[in-house]
Structures are given as structure tokens and as C-alpha cells.
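Visitor: quick one: sequence plus predicted model below, questions after.
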Amino acid sequence: MSNNKNITPFIFPQAHSTVLPDPSNFFSPNLVSKPLPTNSFFQNFVLKNGDQPEYIHPYLIKSSNSSLTLSYPSRSSNSAVISQVFNADITISSTQSSIGKHIVSSYSDLSVTLDLPYSNLSFFLVRGSPFVTASVTQKTPLSITTIHAIISLSSNDSLTKHTLSLNNDQTWIIYASSPIKLDHSTSEITSDAFSGIIRIVLLPNSDSRHEPILDRFSTCYPVSGDAVIREPFCVEYKWEKRGWGDLLLLAHPLHVKLLSNNSVNDVTILDDFKYNSIDGELVGVVGDSWILESDPISITWYSTFGVKEESHDEIVSALKKDVDGLNSSTITTTSSYFYGKLIARAARLALIAEEVFYFDAIPKVRNFLKETIEPWLEGTFNGNGFLYDKKWGGLITQQGSNDASGDFGFGVYNDHHYHLGYFLYAIAVLVKIDPSWGNKYKPQAYALLKDFMTLEKKPNFSNYYTPLRCFDLYALHSWAGGVTEFSDGRNQESTSEAVHAYYAATLLGLAYGDASVVSIGSTLTSLEILGTQTWWHVKEKSTLYEEEFSKENRVVGVLWANKRDSGLWFAPAELREDRLGIQVIPIVPITESIFSDIGYVKELVEWTLPALKREGVGEGWKGFVYGLEGVYDNENGLKKIRTLNGFDDGNSFTNLLWWIHSRGY
């Protein structure tokens with residue numbers, strides 16, 4: 001067994017980017033010496049003016065001008081888009097300051113602490129907390145404003161609980177750790193000087209039967225939370241809490257599913273205590289730690305059921321042609337994404353050759369992979385290459401270092417898992433078929449891997465890369481957007497390429513005999529698949545999204561923290577074959593786990609097929625539609641694939657034949 005802790009990190013040449021924003025403005029000085037997150041749930045808080053909202057379930061939270069604003073978002077929906085609408089329901093500040101910016105003083109997988117130094121306020125923003133908790137660090141008069149009209153404000157005898165009714169039918173409760181006297185006008189509440197803990201919470205549906213629950217859990221507050229992959233297919237959430245009593249937080253639908261998979265969970269689910277969310281209903285969970293257990297998946301180089309023997313000849317015939325066509329000198333692209341797809345496509349040919357026992361193809365594929373991969377690892381590729389960025393702590397490309405849109409934004413930390421996943425797939429296959437090459441280039445291979453899949457928080461790789469750059473351990477899927485400010489928060493388009501990234505990383509672990517990488521990679525692969533099936537795959541009878549959206553769409557195009565969009569970054573919604581294709585590429589053995597629900601596959605394909613009747617539909621996109629059709633109608637899928645005269649640049653005739661002939665019948 002190899003141990004990656006013994007690998008001396010390889011560092012690519014230093015980048016001097018002209019387009020990356022400076023990360024230090026909003027981070028406290030003690031944080032900027034370490035690699036910083038580039039795809040986090042609070043990314044908007046540290047970009048540009050730091051004043052765009054982020055969705056920290058169940059609230060949209062915005063910070064500007066030394067204040068913090070909470071919005072319990074309403075939803076706007078039609079057949080094309082669902083979005084959460086920000087309204088400034090509650091804004092908290094001190095009456096003595098309207099200047100200064102917030103500071104991120106600490107963060108973790110499940111929380112971020114925002115300090116407003118000029119207001120003496122520190123907010124513990126814990127994901128899934130129905131209470132927003134503020135520590136008022138020294139005696140300070142407070143101001144709570146709203147864009148709505150205040151109908152009433154009532155206080156208990158001890159002045160530690162105050163109930164606020166607004167004219168938009170919302171009821172908010174303010175809990176204080178010691179007495180605080182509040183006065184109000186039409187839209188503002190002011191207080192005497194106060195220090196201590198303030199907790200503000202929306203009463204769900206303004207229903208008084210939920211009030212005793214909020215009262216009961218108002219005295220225990222979380223200040224931070226960590227998510228730990230403690231064993232394969234198992235994530236544990238642990239919160240640091242203060243006060244007394246039990247901890248109440250909210251779980252989204254996938255949390256609830258995974259909590260129920262584990263029999264040792266010491267949690268209580270409050271089925272009737274719910275908040276609305278674009279991600280599905282958020283349900284109350286009582287407990288200091290959660291254990292989320294996903295179903296194990298098997299990560300293999302080959303198809304699960306094997307290739308039907310009678311089809312070997314057809315595959316070998318296609319394989320000979322595709323392998324003969326490999327020529328490194330004919331690659332014209334310098335794009336890290338498209339180049340990655342081409343080398344991963346070639347690597348597929350080697351594995352298919354092994355599966356159909358046509359070993360004569362492998363030397364040619366091996367030579368092609370060596371010729372095409374080594375220049376990127378050695379820094380000799382003409383026109384592009386990997387660089388190490390010290391500002392945020394991670395890899396960027398030469399093209400991305402002076403063009404924010406170069407390499408699809410790779411230089412501003414967009415799409416890292418997609419691009420690097422293709423490189424890692426090709427490298428993993430080459431390590432498998434040429435172990436001595438693998439030993440030589442192991443440090444460089446791990447540099448690519450660790451850019452988006454560092455987990456250890458001890459020195460070594462964690463000195464150079466932020467933990468899990470793309471994967472969100474609360475959302476339970478990845479984000480792609482990088483250090484670009486978006487009013488709707490983070491986003492991700494291609495789930496299949498995200499799954500592929502962790503799958504490829506796991507294969508690299510298998511090739512190097514690294515049990516830790518295999519464990520982490522397979523766990524993230526499993527979770528990414530579950531996230532995909534939960535939020536991107538829209539089944540006909542699904543009730544997760546509004547009926548008008550679910551009726552029109554079988555798959556989400558771009559999923560945002562705060563929005564669901566039927567359109568793509570590169571195509572309008574009506575190009576359904578593109579929408580299907582971008583959630584399928586690349587076709588590899590793990591694809592069958594993503595599309596394990598054959599009933600849904602049929603719904604998706606039948607929804608897409610009419611779009612293929614348009615003029616000018618690309619052959620490459622058709623290949624993915626026909627490939628999925630072959631899951632439930634092998635004969636028709638195969639017939640249509642045989643008529644294609646072109647393939648996606650990451651796909652091949654050989655690969656589609658392998659897919660069709662390896663369906664389990």
C-alpha cells in the first residue's frame with residue numbers, strides 16, 4: 001500500500017495572474033496565510049464588495065455597510081426557471097455605526113463567522129440553523145429594521161423573548177441571553193445598550209404550535225460545524241455548541257434519506273417542523289452530531305456486467321479504427337478542457353481493449369497517452385500549462401492566468417473538477433498499464449488530484465490546497481463557479497463530469513494502491529450521484545419542484561444555490577439534447593450508477609427525442625441520447641448509434657458500442 005503522506009508535494013511553476021481577485025479584503029489576517037476556499041457557500045461574502053447574498057439554509061443572508069440582512073425567501077417560478085426572491089425581511093446593525101465592512105474570522109464546512117467590528121457584532125452563521133445567532137461583544141445599542149410594516153412587538157416578563165409580527169404575515173422571535181428592552185416605530189426596533197447573545201428566528205408559517213419548539217431549543221446555539229468523512233460512504237457532522245440543552249438544526253431531503261440509512265444515529269427528526277427551501281422541505285433534526293450514510297458503490301475500471309461475447313468482433317473492428325486514428329501531432333486544441341477530453345477518450349480505448357481481450361491496441365494507446373500527458377506534467381506543452389497560484393492556493397492554467405474566460409474560467413477557479421477529472425482519468429489508465437511511468441510522475445499526478453480533492457487538514461498538501469475545493473459537504477454535491485460573484489450564489493451545470501472527477505480520482509487511487517484516496521474518492525462519487533439524482537434529475541411524478549417546472553423539464557440545466565434554470569451556459573433550454581448530453585458526458589462505467597433508475601432514463605430520453613428532429617442537431621449530442629435509449633431499448637439504441645457519422649470529442653464509436661453491448665441483459 002502506498003501512503004500519500006510520504007509524497008513530497010510537487011508544485012507547478014508559480015502563477016502571476018492578472019485576472020484573479022485579491023482574496024485578502026474580507027478574510028481576517030490569520031486566515032490569508034493558508035489556502036482559501038474558491039467555491040464555498042459563503043464565496044460572495046469575500047468577493048468584490050462582499051454584499052451579494054448567500055443562501056445559508058433556511059435564509060438568504062446579505063452583509064453590507066456594517067449590517068446583516070436576513071431574508072426568508074419567497075419563490076418565483078415558471079416552466080423555465082425557479083428562483084428564490086430576496087427581500088430585506090430583517091436587518092441587524094448597531095445604531096452607532098453604519099460604516100466598515102465585515103470580516104470572515106473563521107469558517108468550516110458547515111459554518112462561517114462574520115464579524116462586524118464597527119458594530120461590535122459577530123454572527124455565527126451555521127448552515128441549516130433556523131436561528132441566526134449574534135454575539136454582541138460589548139455594550140452596544142442595536143437596530144433591527146425591516147422593509148415591511150411592524151404590526152406588533154410583544155415581550156415576555158423577563159425581556160428575554162420578543163415576538164415581532166410583520167404585515168407580510170411573517171412572525172419573527174428574538175431571544176436574548178439577558179434582558180433587553182426594545183422599542184419600535186413603523187419599521188425599526190431599537191434597543192438600549194446590550195451585550196450578550198441575540199438569536200433571531202422565523203416562526204414557521206407564523207404557526208403558534210411551533211413556538212414551544214423554538215423556545216425549547218433557543219438556549220443552545222452552534223458556533224461552528226465540521227463534516228468528517230470518517231469511513232467509506234459515511235459523513236459525520238459535528239457542531240461546536242454553547243449554552244445549554246439540545247441542538248436544533250434543519251435537514252434537506254437528502255440529509256433525511258442518509259440519516260435514516262444509519263441505525264446508530266442519536267438524532268430525533270421533527271417531521272412536522274419544516275421550513276421551505278428551493279432544495280425541498282427542510283425538516284427539524286435534534287442532535288449534536290449526524291451520521292450520513294450513503295449506499296456503497298463499486299468503483300471499477302470496467303462495466304459491471306461485462307461485454308456480451310457475440311459483440312466482441314464489432315467492438316474490436318471499431319477499436320482498431322479508433323486506435324489507428326490516435327496521433328498526438330493532430331491535436332490542435334490548447335484548451336485544458338478539450339485536451340483533457342481527448343486524452344480521456346483515448347484512455348477509454350485501452351480499457352475497452354482489455355475488456356474485449358484485444359491487447360494489441362494497448363501499446364499504441366500507451367504511447368499516445370505518454371506523448372500527450374507528459375508535456376502538461378513537465379511544463380513543456382506549447383500554448384498552455386498548469387501553474388500554482390499562491391493567492392488562493394491552487395492550480396490555474398497559463399491561458400486562464402491572464403484571461404478570466406480562458407479555459408472556461410479555470411484561471412478564476414471555475415470547473416476545476418471537470419478539467420482535472422479528465423486528466424486524472426487518462427493518467428490513472430496510464431499508471432495502470434505502465435506502472436513504471438506512474439512511479440515517475442506520481443508527484444505531478446497527486447498535484448492535480450489534490451487541487452480539488454485534498455481532505456487532510458494536517459500540513460503537507462493542505463499547505464498548498466484548500467480542502468475539497470468543489471465538493472460541498474452540506475449540499476452533498478459540487479459547485480463549479482469559482483471566485484466569480486453571482487447574485488444567485490454558486491452554480492453547477494454538468495453533474496456527470498463532477499461524478500467523473502471523483503470517479504477518476506478513485507481510479508488513480510486504485511492504480512497507485514492508495515486506500516485513502518480510494519475511500520474518499522468513492523465516498524464523494526456516491527454522494528455526487530445522490531445529489532445529481534435528487535436535484536438535477538426531474539422525474540415526471542416528482543414533487544420537489546413546482547408543478548409547472550417539473551412538467552416541462554426532465555433535467556435541470558444549471559443548478560444554482562438560489563435558482564434552478566432550464567437553460568445552459570452554452571445553449572438555450574429548447575436544445576434538449578444538449579441538456580441531456582451535458583448531464584451524461586463522459587460515458588464511462590460509473591455512468592450506469594448515475595442512471596440506475598431505468599424508468600427515469602426512459603422519461604428523459606422520450607422527453608429529448610423530439611428535439612432531434614430539428615435541423616442541424618450535432619451528431620455528438622445524438623450519441624448520448626441514443627446511448628441512454630440503449631439502456632431500456634438495446635436494439636433501437638444500437639441501430640441508431642450505427643447510423644452516426646460523428647461523435648463528441650470525448651466519445652467514440654468504440655465507446656458507444658462498448659456501452660450498448662455491456663448493458664446487463
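Guide: Received, thanks.

Visitor: domain map for this protein?
Guide: For the chain, the TED database gives the domain ranges 34-221, 309-662.

Visitor: what about the first one, distance to the chain center?
Guide: The reference is to domain 34-221. The chain centre lies 25 Å from the centre of domain 34-221; the measure is C-alpha atoms, centre = their mean, to the nearest Å.

Visitor: quick one: mean pLDDT over that domain.
Guide: For domain 34-221, the mean pLDDT works out to 96.

Visitor: so where's the chain shaky on pLDDT?
Guide: Within the chain, the stretches with pLDDT under 70 are 1-7, 97-98, 456-459, 665.

Visitor: in it, which helix is the longest?
Guide: Identified as the longest helix of the chain according to DSSP state H is helix 336-355.

Visitor: let's have the domains of the chain in JSON lines, adding distance to Val283 and mean neighbour count.
Guide: Every residue, glycine included, has its C-beta placed from N, CA and C. Putting those into JSON lines (distance: least, C-beta to C-beta, whole Å; neighbours: other C-beta atoms under 10 Å) gives the following:
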{"stretch": "domain 34-221", "distance to Val283": "10", "mean neighbour count": "19"}
{"stretch": "domain 309-662", "distance to Val283": "14", "mean neighbour count": "20"}
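
Visitor: any idea how far Asp226 is from the nearest residue to Leu282 once chain neighbours are set aside?
Guide: Spatial nearest neighbour of Leu282, chain neighbours left out: Leu250 (3.9 Å); criterion: C-beta to C-beta, 6 or more residues apart in numbering. Applying C-beta to C-beta, to the nearest Å, the value for Leu250 to Asp226 is 18 Å.

Visitor: the more surrounded of the two?
Guide: Leu250 (21 against 16; other C-beta atoms under 10 Å).

Visitor: give me the contacts around stretch 312-332.
Guide: By C-beta atoms under 8 Å, 6 or more residues apart in numbering, the residues outside stretch 312-332 that reach it are 307, 339, 342, 346, 349, 352-353, 356-358, 361, 364-365, 368, 371-372, 652-654, 657-658, 661.

Visitor: can I get the CA coordinates of it in PDB?
Guide: What follows is stretch 312-332, C-alpha atoms only, in PDB (Å, rounded to 0.1, in the frame of the first residue of the first chain):
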ATOM      1  CA  HIS A 312     -16.600  -8.500 -29.400                       C
ATOM      2  CA  ASP A 313     -16.000  -8.600 -33.100                       C
ATOM      3  CA  GLU A 314     -17.900  -5.400 -33.800                       C
ATOM      4  CA  ILE A 315     -16.200  -3.600 -30.900                       C
ATOM      5  CA  VAL A 316     -12.700  -4.800 -32.000                       C
ATOM      6  CA  SER A 317     -13.400  -3.600 -35.500                       C
ATOM      7  CA  ALA A 318     -14.300  -0.100 -34.300                       C
ATOM      8  CA  LEU A 319     -11.400  -0.200 -31.800                       C
ATOM      9  CA  LYS A 320      -8.900  -0.800 -34.500                       C
ATOM     10  CA  LYS A 321     -10.000   2.200 -36.400                       C
ATOM     11  CA  ASP A 322     -10.200   4.500 -33.400                       C
ATOM     12  CA  VAL A 323      -6.800   3.400 -32.100                       C
ATOM     13  CA  ASP A 324      -5.200   3.800 -35.600                       C
ATOM     14  CA  GLY A 325      -6.600   7.300 -35.600                       C
ATOM     15  CA  LEU A 326      -4.600   8.300 -32.500                       C
ATOM     16  CA  ASN A 327      -1.900  10.800 -33.400                       C
ATOM     17  CA  SER A 328      -0.700  13.400 -30.900                       C
ATOM     18  CA  SER A 329       0.500  15.700 -33.700                       C
ATOM     19  CA  THR A 330      -3.100  16.100 -34.900                       C
ATOM     20  CA  ILE A 331      -4.300  17.600 -31.600                       C
ATOM     21  CA  THR A 332      -4.900  21.300 -32.400                       C
END
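
Visitor: follow-up on the earlier one: just say helix, strand or coil for the residue nearest to Leu282.
Guide: Using DSSP: H, G, I helix; E, B strand; the rest coil, the structure places Leu250 in strand.

Visitor: wait, isn't it in contact with Gly280?
Guide: No - counting by C-beta atoms under 8 Å, Leu250 sits too far from Gly280 to count as a contact (11.1 Å).

Visitor: re earlier: select, out of the domains of the chain, the one closest to Gln14.
Guide: When these are compared for distance to Gln14 using C-beta to C-beta, the nearest one is domain 309-662, at 5.8 Å.

Visitor: what's the spacing between stretch 18-35 and its chain's center?
Guide: Taking C-alpha atoms, centre = their mean, one finds stretch 18-35 lying 22 Å from the centre of the chain it belongs to.

Visitor: I appreciate the help and will end here.
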